[in-house]
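Asker: 3D, please:
(2 chains, ligands or ions: 2)
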Amino acid sequence: MPAFLASVSSREGMVNAVLAGLLLAAPLIAFTLDEPFYISLATRVAILALAGVGLNLALGYGGMVSFGHAAFFGLGGYVAGIAAFHAFDGSDFIVWPLTLGGTDQLLIIWPLTVLVVAVVAFAIGVISLRTSGVYFIMITLAFAQMIYYLAISIPTYGGEDGLAIYLRNQLPLGDSNDPLTFFFVCYGMLLLALFVSSRLVASPFGVALQCARMNEVRLATMGIAPFPVKLTAFVISGVITGIAGALFADLNGFVGPSMLSWHRSGEIMIFVILGGVGRLFGPLAGAALFILLESLIGGMTDRWQLFLGAILLGVVLFARGGLIGLLAGRARHD
Amino acid sequence: MTEPLLELKKLSKAFGAVKASDAVDLTLFPGEIHALIGPNGAGKSTLIAQVTGWMKPDAGEVRLLGRDASHLSVAARAKLGLGRSFQVSSLAQGFSALANVMLALQARDGGAFRFWAPLRGNAALREEALGVLARIGLADRADLPVSALSHGERRLLEMALALALRPKLLLLDEPMAGLGPEGTRNLTAFLRELKNEAGILLIEHDMDAVFALADRISVLVYGRVIASGTADEIRQSAAVREAYLGDALC
Ligand SMILES: Nc1ncnc2c1ncn2[C@@H]1O[C@H](COP(=O)(O)OP(=O)(O)OP(=O)(O)O)[C@@H](O)[C@H]1O
Ligand SMILES: [Mg+2]
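Answerer: Numbers count the residues shown, from 1 in each chain, chains lettered A, B, ... in the order given. Ligands and ions are numbered 1, 2, ... in the order given. Presented below is the predicted three-dimensional model:
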């Protein structure tokens, strides 16, 4: 078994490979059939799955039920949007103590996203992780709402209307405006995040993180303080979701407060739960199912969320392992 | 005289009107088993919680290995070499027995901030973990998840996790409970050997085991140490008989 899949059973590894293969095949088929809409749909799945991979690290493996991951998703989007905005009209982001203009280079925007989201996730984590259970859920929600209202109150960056990104941010090689190229970028990011997650989860850090979820008392008794482990995981989790947000803004050519709203936090959580909490490819399965429902049933009736609700109910009541659990059986314990 | 591994000075803790620790003085020296006995609700577990750092004493001092540990975190005290077992097993339920021990070894050797190489792939660590499990008699249960272990096996795994730290001192909260006669005999023999590696503060209701093992015994009643001495001294103490041992020995 390749090291990539070392943290899951061989059956689950197979399911994962099939899922990844399907997501790759869909836009290629759409391309040959000249159906660009489906390329963009597949790109959406890849990006939202990436956001879920981020949350899964905190929620699935660390047991930190964050209801505020839209904060990181939206921040990533705003980093991309604000950088593009200043690059487009040639203005400066700040002039003191140093002059910082905009940029439309993704290779600058992404590291910037990592930096910004890491700092914010650290600040939110330091405070939120002093609580647990329902208080943690509420405090992460509260922080996300604060950032939401902050975004609304800054007219320079569109306030309630958000910011348009007129020209998709650029890559040095390849044309990011080409739908298939942009899909590959997002797909590559998703695979990278899955790979990093799989390594993290199996590493001493990841095992300690899972121990913190199962029994913090045990972890501390072993001589590992749970707080720094959880905080680190929370920051990494936020950063991955933040990158997804930056990609999402570029996909849509738009970033607005809706990316920061608590609906979005709930949606990312739904991807994770639908797909299987703490299953490596769960967020991909969940995001794919979500988008399929939205575009298939959503095309027929506005009440598609009723179906989503019913499925979610079924998963929570009868299939805790989510889609991955149904397809690949119970998670391996070790 | 050698320095004590553990020294409690006038440790006090009250829950409302209940004095769970009442100016407790206590020492534990290298190579000895010091048993702490007392009726239910005497404050034994509360004392352990204060030594390990889960509970803050109202007053008094906890000294570990010659230094004031009163302000150290639970994890920091464990790092100093303080191992413990819980009265009610506290394990990472979703992991196998082996993974529990490997994580404990990792905590001791490198800590948690290693992000890349898989823990399970660490052959040396695995070897050592299997050794620890074998020592306590759990080698053939290594790959079972904790949830599949029997009550007694979980108690032993607790002990294995404490040992994995290579502790300098061990606090064992009723390790014999639920082990059955044979398990109790085995563990008694094991602890007799173990005390040369680590001083042991032993809380136990099984008086046969206590009198067979303890170099010193302290008796805790209503949070107060009412007597402290060798096994013989305690057996003969009138105060102890009256307060506690009366029913147990007659
Ligand atoms: N967190 C707490 N809050 C309030 N009272 C407590 C708390 N923990 C313990 N107590 C009380 O303190 C006293 C000592 O309890 P403790 O658990 O230390 O006794 P113990 O000697 O370990 O008893 P046992 O032999 O039954 O394990 C009891 O009266 C108990 O009810
Ligand atoms: Mg007790």
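Asker: The strand or helix carrying A:Leu41 and chain B, are they touching?
Answerer: A:Leu41 belongs to helix A:36-56 when elements are defined using DSSP states H and E. No: Helix A:36-56 lies out of reach of chain B by CB under 8 Å from any CB of the partner chain, never closer than 15.9 Å. C-betas here are computed from N, CA, C, even on glycine.
Asker: Pull up the gap between the residue in chain B sticking out farthest from the centre and ligand 1, please.
Answerer: Most distant from the centre of chain B: B:Trp116, at 33.3 Å, with distances by CA atoms, centre = their mean. Applying CB to the nearest ligand atom, to the nearest Å, the value for B:Trp116 to ligand 1 is 41 Å.
Asker: now do B:Arg166
Answerer: Counting by CB to the nearest ligand atom, the gap from B:Arg166 to ligand 1 is 27 Å.
Asker: Count the residues that sit near that residue.
Answerer: Using other CB atoms under 10 Å in any protein chain shown, B:Arg166 has 14 other residues around it.
Asker: residues near the residue nearest to B:Leu72 when sequence neighbours are not counted, how many?
Answerer: Nearest residue to B:Leu72, sequence neighbours excluded (CB to CB, 6 or more residues apart in numbering or on different chains): B:Gly53, at 6.2 Å. Other residues near B:Gly53 come to 22 when the count uses other CB under 10 Å.
Asker: what's the answer for the one 4 residues further on, then?
Answerer: Each residue near B:Pro57 was counted by other CB under 10 Å, and the total is 22.
Asker: what about B:Ala97, distance to ligand 2?
Answerer: 25 Å (CB to the ion, to the nearest Å).
Asker: remind me which residues of chain A are low pLDDT?
Answerer: A:1-8, A:332-334 (pLDDT under 70).
Asker: let's see it at 80
Answerer: Applying pLDDT under 80 to chain A picks out residues A:1-9, A:96, A:331-334.
Asker: Contact residues of it facing chain B?
Answerer: So chain A meets chain B at A:3, A:6-7, A:199-200, A:202-211, A:214-215, A:217-226, A:228-229, A:232, A:333-334 (CB under 8 Å from any CB).
Asker: rewinding a little: got a list of what the residue farthest from the centre of chain B touches?
Answerer: By CB atoms under 8 Å, 6 or more residues apart in numbering or on different chains, the contact set of B:Trp116 is A:Arg199, A:Ser203.
Asker: Pretty sure it sits in a strand.
Answerer: No: using DSSP: H, G, I helix; E, B strand; the rest coil, the assignment for B:Trp116 is coil, not a strand.
Asker: quick one, phi/psi of it?
Answerer: Here is the backbone geometry of B:Trp116 (degrees, to the nearest 10): phi -120, psi -60.
Asker: re the thing from before, buried ones among the residues of chain A next to chain B?
Answerer: With neighbours counted by 16 or more other CB atoms under 10 Å in any protein chain shown, these contain buried members at A:7, A:199-200, A:202-211, A:214-215, A:218-226, A:229, A:232, A:333-334.
Asker: Just these: which are in helices?
Answerer: Members of those lying in helices (criterion: DSSP state H): A:199-200, A:202, A:204-211, A:214, A:218-222, A:226, A:229, A:232.
Asker: From those residues, list the ones also adjacent to ligand 2.
Answerer: Here nothing survives when those are matched to ligand 2 using CB under 5 Å from the ion.
Asker: Can you show me the helices along the chain?
Answerer: With no chain named, the answer covers chain A. A:10-32, A:36-56, A:69-89, A:106-128, A:134-152, A:179-202, A:204-214, A:216-222, A:226-252, A:262-275, A:282-300, A:304-318, A:322-328.
Asker: not quite, I wanted chain B
Answerer: Under DSSP H, chain B gives helices at B:44-52, B:74-80, B:97-109, B:123-136, B:151-164, B:180-194, B:207-213, B:231-236, B:238-240, B:246-249.
Asker: Contact residues of chain B facing ligand 2?
Answerer: B:Lys44, B:Ser45, B:Gln87.
Asker: Could you pull up the residues touching the second one?
Answerer: This means B:Ser45. Listed by CB under 8 Å, 6+ apart, the contact partners of B:Ser45 are B:Gln87, B:Asp173, B:Ile203.
Asker: any idea which of these is least confident?
Answerer: Least confident entry in those, by pLDDT: B:Gln87, with 89.
Asker: For it, give me phi and psi.
Answerer: phi -60, psi -40.
Asker: for it, what are its contacts?
Answerer: B:Gln87 neighbours (CB under 8 Å, 6+ apart): B:Ser45, B:Asp173, B:Glu174, B:Ala177, B:Ile203.
Asker: State the number of residues packed around the second one.
Answerer: Yep, that's B:Asp173 we're talking about. 22.
Asker: now it, nearest residue through space, not along the chain?
Answerer: B:Gln87 (4.1 Å).
Asker: Now do the residue in chain B positioned nearest to ligand 2 against B:Ala20, distance only.
Answerer: Ligand 2 sits closest to B:Ser45 of chain B, with a gap of 3.1 Å, by CB to the ion. Counting by CB to CB, to the nearest Å, the separation of B:Ser45 from B:Ala20 is 9 Å.
Asker: Next to ligand 2, which bits of chain A? Give me the list.
Answerer: With the criterion set to CB under 5 Å from the ion, chain A never comes near ligand 2.
Asker: Close to ligand 1: what parts of chain A are there?
Answerer: Within chain A, no position is adjacent to ligand 1 by CB under 6 Å from any ligand atom.
Asker: so which residue of chain A comes closest to ligand 2?
Answerer: In chain A, the residue that lies nearest ligand 2 is A:Val217 (15.1 Å; CB to the ion).
Asker: Quick one: residues contacting that residue.
Answerer: By CB under 8 Å, 6+ apart, the neighbours of A:Val217 are B:Trp54, B:Phe86, B:Ser90.
Asker: Could you check how far the first one is from B:Leu144?
Answerer: I take that to be B:Trp54. The spacing between B:Trp54 and B:Leu144, counted by CB to CB, is 29 Å.
Asker: Quick check: bridge partners of the nearest residue to B:Ala69 once chain neighbours are set aside?
Answerer: Distances taken as CB to CB, 6+ apart put B:Val62 closest to B:Ala69, at 5.1 Å, once the chain neighbours are dropped. Counting by DSSP bridges, B:Val62 is bridged to B:Leu8.
Asker: My understanding was that B:Val62 contacts B:Ile48; is that so?
Answerer: No: using CB atoms under 8 Å as the test, B:Val62 is too far from B:Ile48 to be in contact (11.0 Å).
Asker: Could you check how far B:Ala75 is from B:Trp54?
Answerer: B:Ala75 is 11 Å from B:Trp54, by CB to CB.
Asker: Name the residue in these two with the higher neighbour count.
Answerer: Taking neighbours as other CB under 10 Å, B:Ala75 and B:Trp54 compare with B:Ala75 leading, 22 against 16.
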